[in-house]
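>>> predicted coordinates and the sequence they were generated for:
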Amino acid sequence: MVNTVPDIAKRYEVHPSQVHTWKKRALEGLADLFTDGAGNRGGEGQDKLIADLYEQIGRLQVELQWLKKSLDLPIRQRRFWIEPCDALSIRHQCALADVNRSWLCTRCRNRVESETDARD
């Protein structure tokens, strides 16, 4: 069954000129799908999406491994696992381990003070 322009316009409650505009855009767009330029655009977008998803999977795997270390441990032990790491920032490690970052700053300050005292 073929629908006429007036039938489509009535069905979607739009003016018939709008249906003509849609048809024109659709016909122009369909031709572009079979050319090299437009046909590859979707592939490039999909490649970027796949790369982003793999990056996110990798980041989540690192977080999961890191969290597995800290299951059911007292805070005193979880504190000492926080260390500089390229994959996870100190802030993120503290949040994942439920450790206050101020403790880490105090520990660093105490270490600097003890090194300064040792030099004097």
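That came in fine, so what should we check first? Residues are numbered from 1 along each chain as shown.
>>> secondary structure class for the spatially closest residue to Leu104 that is not a sequence neighbour?
Among residues not flanking Leu104 along the chain, Ile82 sits closest, at 6.1 Å (CB to CB, 6 or more residues apart in numbering). (C-beta placed from N, C-alpha, C; glycine too.) What DSSP: H, G, I helix; E, B strand; the rest coil gives for Ile82 is coil.
>>> separation between Ile82 and Glu55?
Distance, Ile82 to Glu55, by CB to CB, to the nearest Å: 23 Å.
>>> average pLDDT for whatever helix or strand Gln18 lives in?
Assigned by DSSP states H and E, Gln18 belongs to helix 16-33. Summarised as a single mean, pLDDT over helix 16-33 is 85.
>>> now swap in stretch 51-71 and tell me
84.
>>> please save the CA atoms from that stretch in PDB.
The C-alpha trace of stretch 51-71 is given here as PDB (Å, rounded to 0.1, in the frame of the first residue of the first chain):
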ATOM      1  CA  ALA A  51      38.300   3.000  21.800                       C
ATOM      2  CA  ASP A  52      36.600   5.000  24.500                       C
ATOM      3  CA  LEU A  53      34.800   2.000  25.800                       C
ATOM      4  CA  TYR A  54      38.000  -0.100  25.900                       C
ATOM      5  CA  GLU A  55      39.700   2.800  27.800                       C
ATOM      6  CA  GLN A  56      36.800   2.900  30.300                       C
ATOM      7  CA  ILE A  57      36.900  -0.900  30.700                       C
ATOM      8  CA  GLY A  58      40.600  -0.700  31.400                       C
ATOM      9  CA  ARG A  59      40.100   2.000  34.000                       C
ATOM     10  CA  LEU A  60      37.400   0.100  35.700                       C
ATOM     11  CA  GLN A  61      39.500  -3.100  35.800                       C
ATOM     12  CA  VAL A  62      42.300  -1.200  37.500                       C
ATOM     13  CA  GLU A  63      39.800   0.200  40.100                       C
ATOM     14  CA  LEU A  64      38.400  -3.300  40.700                       C
ATOM     15  CA  GLN A  65      41.800  -4.800  41.300                       C
ATOM     16  CA  TRP A  66      42.600  -1.900  43.600                       C
ATOM     17  CA  LEU A  67      39.300  -2.400  45.500                       C
ATOM     18  CA  LYS A  68      39.800  -6.100  45.900                       C
ATOM     19  CA  LYS A  69      42.900  -5.300  47.900                       C
ATOM     20  CA  SER A  70      41.000  -3.300  50.500                       C
ATOM     21  CA  LEU A  71      38.000  -5.500  51.200                       C
END
